[in-house]
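> task: produce atomic coordinates for the following.
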Amino acid sequence: MTEFIPQGTRFHALPSPFPMKRGGELRNARMAYETWGTLTPARDNAVLILTGLSPNAHAAKNAANAEPGWWEDMVGPGKPIDTDRWFVICTNSLGSCKGSTGPASLNPDTNERYGLAFPELAVEDGANAAYEVVKGLGIDSLACVIGNSMGGMVALAYLLLHPNSARAHINISGSARALPFSIAIRSLQREAIRLDPKWNHGDYDDDVYPEAGMRMARKLGVITYRSALEWDGRFGRVRLESDDRDDDEPFGLEFQVESYLEGHARRFVRSFDPNCYLYLSRSMDWFDLAEYGDGNVDAGLGRITVERALAIGVETDILFPLQQQEQVAEGLRAAGAQAEFLPLPSPQGHDAFLVDIARFGPAVSEFLARL
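The predicted structure follows:
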């Protein structure tokens, strides 16, 4: 499998060896990142964005790449994360296939793809790798670290493992631990990939690729990224036109919602490495701040030092439900932060932060304006 690296992406070499939380180490590893805006002489206006499982570092267009990014409406001059004021950094997750070292990268010991020889990956490893990028840019303390979805987990690990590394935090649809429902869904996604014969215990290539497993994994994910309210309002029970159905296929696609999922899955499968998907997915299941609080999540959150925080959640999110963002806000408040919890009534579910900019934009903008 090839890696999928946007034009203009920059790279930071990680310390070699780079130790991993659950054992093993990486040699000659790197992190992919992009930046926007200008760092002040005091280096005090840096904002770090930590992503969900699949995005790359290209959050918005910049001088090196004019293509719109995955958070284009949020990052840029005059936008909620205003690059006229802030120096914005977005890293690609360690373990990904979008430029940072992961299972799809070459193992320097064998000059072949890591595959399942890649060390076990933890959220904390991603946090430590992102910290090295920030440190490499000469920044001692971030003005704010923003984490979306999995990135919300990485952000909490970043703040806990590196005290006083950021003055503020925005946690968007993230959590301090994985809940059973989310673990169950991700377990099914991983099983769909692993049971595809073409996965071949992680040994595949572009010609023999576990497309069926990746399609099913992505469909399961998309179903949980949105809400039943949106599925009903967007598709209802509308059936496909006869020209769009394959009547010779038993139990084939019949409803528009099925066709939408199929199209979404097919666009995704060849753009993301299956082994990277497995590693990143499992890292979320393993994450639990209770490990740092003698078995108590709130005690784990209580070890995080930050001046201000905002935890934003969505009422229709079933993957990272609202009570998880409320727990983050309450835990950080108990630790001494000026922490706010903002529940939003968006119908788009977990993915609302990507599409419901009308709600998320003002919330992020107003918080940053007070820093």
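> residue 104 should be in a strand, yeah?
No - with DSSP: H, G, I helix; E, B strand; the rest coil as the criterion, residue 104 is coil rather than part of a strand.
> would you list every one of the helices in the stretch 201-350 of the chain?
211-225, 228-235, 256-269, 274-286, 297-301, 322-334 (DSSP state H, counting those that start in this stretch).
> could I get the full set of strands for this protein?
10-13, 18-19, 25-26, 30-36, 46-50, 75-76, 81-82, 87-91, 106-107, 112-113, 144-148, 168-172, 308-314, 338-344 (DSSP state E).
> between those strands, which one is closest to residue 154.
Checking the strands of the chain against residue 154 by C-beta to C-beta gives strand 46-50 as the closest, at 4.5 Å. In short, each C-beta sits where N, CA and C put it, glycine included.
> related to what we said a few turns ago, format the helices of the stretch 201-350 of the chain as TSV; extra columns: mean neighbour count.
Below are the helices of the stretch 201-350 of the chain laid out as TSV (neighbours: other C-beta atoms under 10 Å):
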stretch	mean neighbour count
helix 211-225	21
helix 228-235	14
helix 256-269	16
helix 274-286	24
helix 297-301	20
helix 322-334	21
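> what's the closest of those to residue 115?
The nearest among these, by C-beta to C-beta, is helix 274-286 at 5.8 Å.
> could you check how far the closest one is from the centre of its chain?
Averaged C-alpha coordinates place helix 274-286 at 11 Å from its chain's average position (C-alpha atoms, centre = their mean, to the nearest Å).
> let me know the angle separating it from helix 256-269.
110 degrees (axes from the mean of the first three to the mean of the last three C-alpha atoms, to 10 degrees).
> which residues touch helix 274-286?
1, 22, 53-54, 93, 95-97, 102-104, 114-116, 118, 120-123, 125-126, 150, 153, 178, 182-183, 186-187, 189-190, 193-194, 199, 202, 204, 209-210, 213-214, 217 (C-beta atoms under 8 Å, 6 or more residues apart in numbering).
> PyMOL command to pick out the buried ones of the residues you listed?
Here the buried members of the contacts of helix 274-286 are turned into a PyMOL selection, burial being counted by 16 or more other C-beta atoms under 10 Å:
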select buried, resi 1+53+54+93+95+96+97+102+103+104+114+115+118+121+122+123+125+126+150+153+178+182+183+186+189+190+193+199+202+204+209+210+213+214+217
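> narrow the contacts of helix 274-286 to those in helices?
123, 125-126, 150, 153, 182-183, 186-187, 189-190, 193-194, 213-214, 217 (DSSP state H).
> for the residue nearest to the spatial centre of the chain, what are its contacts?
The chain has residue 52 as the residue nearest its centroid, 1.0 Å off, counting by C-alpha atoms, centre = their mean. Residues near residue 52 by C-beta under 8 Å, 6+ apart: 148-151.
> how about the nearest residue to it, chain neighbours excluded?
residue 149 (3.6 Å; C-beta to C-beta, 6 or more residues apart in numbering).
> returning to what we had before: out of the ones in helices among the contacts of helix 274-286, which one sits closest to residue 356?
residue 150 (18.8 Å).
> how near is residue 285 to residue 291?
13 Å (C-beta to C-beta, to the nearest Å).
> also residue 79?
37 Å.
> neighbour count for these two, which is higher?
Comparing residue 79 with residue 291 by other C-beta atoms under 10 Å, the one with more neighbours is residue 79, at 19 against 13.
> what is the burial count for the closest residue to the more buried one other than its chain neighbours?
Among residues not flanking residue 79 along the chain, residue 73 sits closest, at 6.8 Å (C-beta to C-beta, 6+ apart). Neighbour count of residue 73, defined by other C-beta under 10 Å: 16.
> got a pLDDT number for residue 73?
As predicted, residue 73 sits at a pLDDT of 98.
> how about residue 256?
89.
> distance-wise, check it relative to residue 42.
On the measure of C-beta to C-beta, residue 256 and residue 42 end up 54 Å apart.
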